[in-house]
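Undergrad: predicted structure and sequence below. I'll ask about it afterward.
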Amino acid sequence: NGQVRFNGRQILAPAGQGSYFNFYYAQGHLFFYHRLRADQGSFTRIYACPWTPKIKKPIDVQQATILKTPYEQETPFSFGQFKNEVLTVSNMGGVYIFNGASWRTDHTVSYQVYSMLNYHDRLLLAQYPTGNLIEYHDGQLKHLKGWPPRLPGVARNAREAQTTAIYRGDLFVGVWPWAELWRYSRDEKKWHSMGRMFSHPEITNKTTHPYEAAANELKLVTNHWGQRVTGLIPLQDGLRLSTSSKGTGLWQERFNFLDEPQRREYGAVLQLNMPGNLATKIHWQEKPMHFEFLV
């Protein structure tokens, strides 16, 4: 509800007008968007509020470094970090970068980013509409064409690299709208297709998304039954993958073009197992920790 609590106490009250949303904490700052929708005076602002857990007083938004976005109704899909910078990307194509003291804008048209991942010496941004990754390094954004590739037989347009993860040292990327899973081996300098995370329908380039004809006939959004790899979570020795459609809502009997096993593939959790991974939690200590790895 637009407030923030830490260890049971409120550190940020809801906005007096509009709403605070999409919170992110990094580099000693709490970040969030502030949006007001009104007949007049609509805005979107991004706040960087200095705060650490040692501060007992609530956050004072008057001390925040604030960026007013170019468009009134912007919303973010992801945040990320690179060295001492924090990045966020809006649905309107604004790449906003905070360096600890001030904001700067790198604005690109039709530039939506669904996740960000630190990978060796750079930050990777999973982008729409190319379905490729963008790298951020030394203040520059660079489109990595063919990262990841495209399954033969699917349309080239409206592709989204959505989810990113590192599993057993390899880079994994989930791509909309055919739920493609790709793995990049840095040692081989090569991408490997891990297939689709759905068994249906057969791929085609006659339509951009799966089941467009059925969606249109049912008066749904055309890409309602597009297929997402919504989550990639390394856990212990496996990689957990979750799937979804774009559309949400209760199942209806009129959706009879999918049988029960097919519709259950939307919202499934899958597990991939490959040798060479251990992902586990550690107990936080406010001092340096020493790790030993024996192979």
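TA: Arrived safely, thanks for sending. Everything numeric in this text was worked out from a predicted model, so none of it was measured. Numbering: from 1, shown residues only.
Undergrad: can you pull the contacts of L12?
TA: Q3, V4, Y20, L30, C49, P58, I59, V61 (Cβ atoms under 8 Å, 6 or more residues apart in numbering). For glycine as for every other residue, the C-beta is placed from the backbone atoms N, C-alpha and C.
Undergrad: list the contacts for A15?
TA: By Cβ under 8 Å, 6+ apart, A15 lies in contact with G2, H34.
Undergrad: check F172 too.
TA: Listed by Cβ under 8 Å, 6+ apart, the contact partners of F172 are T163, T164, A165, I166, L181, W182, R183, Y184, M194, L232, L239.
Undergrad: do the same with N277
TA: Neighbour list for N277: Y167, R168, P234, Q236, D237, G238, L239 [criterion: Cβ under 8 Å, 6+ apart].
Undergrad: could you rerun that using 10 Å?
TA: Residues counted as contacts of N277 (Cβ atoms under 10 Å, 6 or more residues apart in numbering) are I166, Y167, R168, G169, D170, P234, L235, Q236, D237, G238, L239.
Undergrad: what subset of the residues you listed is buried?
TA: Buried members of the contacts of N277, scored by 16 or more other Cβ atoms under 10 Å, are I166, Y167, R168, D170, P234, D237, G238, L239.
Undergrad: how close does the second one sit to G100?
TA: If you measure Y167 against G100 using Cβ to Cβ, to the nearest Å, the figure is 31 Å.
Undergrad: do the last one as well
TA: For L239, the distance to G100 under the criterion Cβ to Cβ works out to 34 Å.
Undergrad: now do A64
TA: From A64 to G100 the distance is 13 Å (Cβ to Cβ).
Undergrad: and if you look at H29?
TA: Counting by Cβ to Cβ, the gap from H29 to G100 is 8 Å.
Undergrad: how about W51?
TA: W51 is 13 Å from G100, where distance means Cβ to Cβ.
Undergrad: likewise M92?
TA: 25 Å.
Undergrad: what ranges do the strands span in the stretch 51-200 of the chain?
TA: Secondary structure of the stretch 51-200 of the chain (DSSP state E, counting those that start in this stretch): strands at 65-68, 76-82, 85-90, 94-98, 103-107, 112-119, 122-128, 133-137, 140-144, 160-167, 170-176, 180-185, 190-196.
Undergrad: tell me the most buried of those strands?
TA: Counting by mean count of other Cβ atoms under 10 Å, strand 170-176 has the highest mean neighbour count of the strands of the stretch 51-200 of the chain, with a mean of 25.
Undergrad: report the distance from it to the chain centre.
TA: Remark: strand 170-176 is offset 12 Å from the chain centroid, using Cα atoms, centre = their mean, to the nearest Å.
Undergrad: avg pLDDT for it?
TA: In this model, strand 170-176 carries a mean pLDDT of 98.
Undergrad: that one pairs with which strands, and in what direction?
TA: Neighbouring strands of strand 170-176 in its sheet, by DSSP bridges, are strand 160-167 (antiparallel), strand 180-185 (antiparallel).
Undergrad: element containing A213, please.
TA: Taking DSSP states H and E as the definition, one finds A213 inside helix 212-217.
Undergrad: buried set for that helix?
TA: Neighbour-count burial for helix 212-217 [16+ other Cβ under 10 Å]: E212, A214, A215.
Undergrad: beta partners for the most centrally placed residue in the chain?
TA: By Cα atoms, centre = their mean, the chain has its centre lying nearest to S115, at 2.7 Å. Beta-bridge pairing of S115 under DSSP bridges involves A126.
Undergrad: and if you look at L232?
TA: Per DSSP bridges, the residues bridged to L232 are L241.
Undergrad: mind checking how far it is from V175?
TA: 11 Å.
Undergrad: what sits in contact with each of these two?
TA: Counting by Cβ under 10 Å, 6+ apart, the common neighbours of L232 and V175 are Q162, T163, L181.
Undergrad: can you lay out those as TSV showing distance to D121 and pLDDT?
TA: What follows is the shared contacts of L232 and V175, written out as TSV (distance: Cβ to Cβ, whole Å; pLDDT from 0 to 100):
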residue	distance to D121	pLDDT
Q162	24	96
T163	22	97
L181	25	98
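Undergrad: wait, which of the residues you listed is closest to W284?
TA: Ranked by distance to W284 (Cβ to Cβ), the shared contacts of L232 and V175 are led by T163 at 25.9 Å.
Undergrad: contact partners for the nearest residue to the closest one once chain neighbours are set aside?
TA: Nearest residue to T163 in three dimensions, chain neighbours excluded: G174, at 3.9 Å (Cβ to Cβ, 6 or more residues apart in numbering). Neighbouring residues of G174 by Cβ under 10 Å, 6+ apart: 114-115, 126, 148, 160-165, 180-182, 194, 197, 227-232, 241-243.
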